[in-house]
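[1] Okay, structure incoming, though there's no sequence with it:
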């Protein structure tokens, strides 16, 4: 499953697209130049139980590490992943 990203410098999204349909997405907004706030995660029934949500959070963590920014997980799903995965806490 490929996690893609769009970012317009004000907001962005990590998403899964299959056959030109977005089946999962995790949206965020920039809070200054060095932080993003994950505000929503949605996964379609088609991908339910396949780890799409966790993979999008992992991609956000990878993005944060590469760009040396921090993540504020306001979305309850993203927060639950951060609470469970110790390796992701360095970007909080």
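    Received it, and whenever you're ready, just let me know what you need. Because the structure is predicted, anything quoted here is derived from the model rather than measured.

[2] Going by C-alpha atoms from here, please, whenever you check contacts or count neighbours.
    Fine.

[3] residues contacting residue 73?
    Going by Cα atoms under 8 Å, 6 or more residues apart in numbering, residue 73 touches 37, 38, 39, 79, 82.

[4] which among those end up buried?
    37, 38, 39, 82 (16 or more other Cα atoms under 10 Å).

[5] contacting residues for the residue lying closest to the first one once chain neighbours are set aside?
    Nearest non-adjacent residue to residue 37, counting by Cα to Cα, 6 or more residues apart in numbering: residue 72, 4.6 Å away. For residue 72, the contacting residues are 35, 36, 37, 38, 92, by Cα under 8 Å, 6+ apart.

[6] Tally up the residues packed near the last one, please.
    Right, the one you point to is residue 92. Residue 92 has 13 neighbours, counted by other Cα atoms under 10 Å.

[7] What pLDDT does the model give it?
    pLDDT for residue 92: 97.

[8] Residue 11 too?
    At residue 11, pLDDT is 98.

[9] Please apply the same query to residue 42.
    In this model, residue 42 carries a pLDDT of 97.

[10] so what's it bridging to?
    For residue 42, the beta-bridge partners under DSSP bridges are residue 25.
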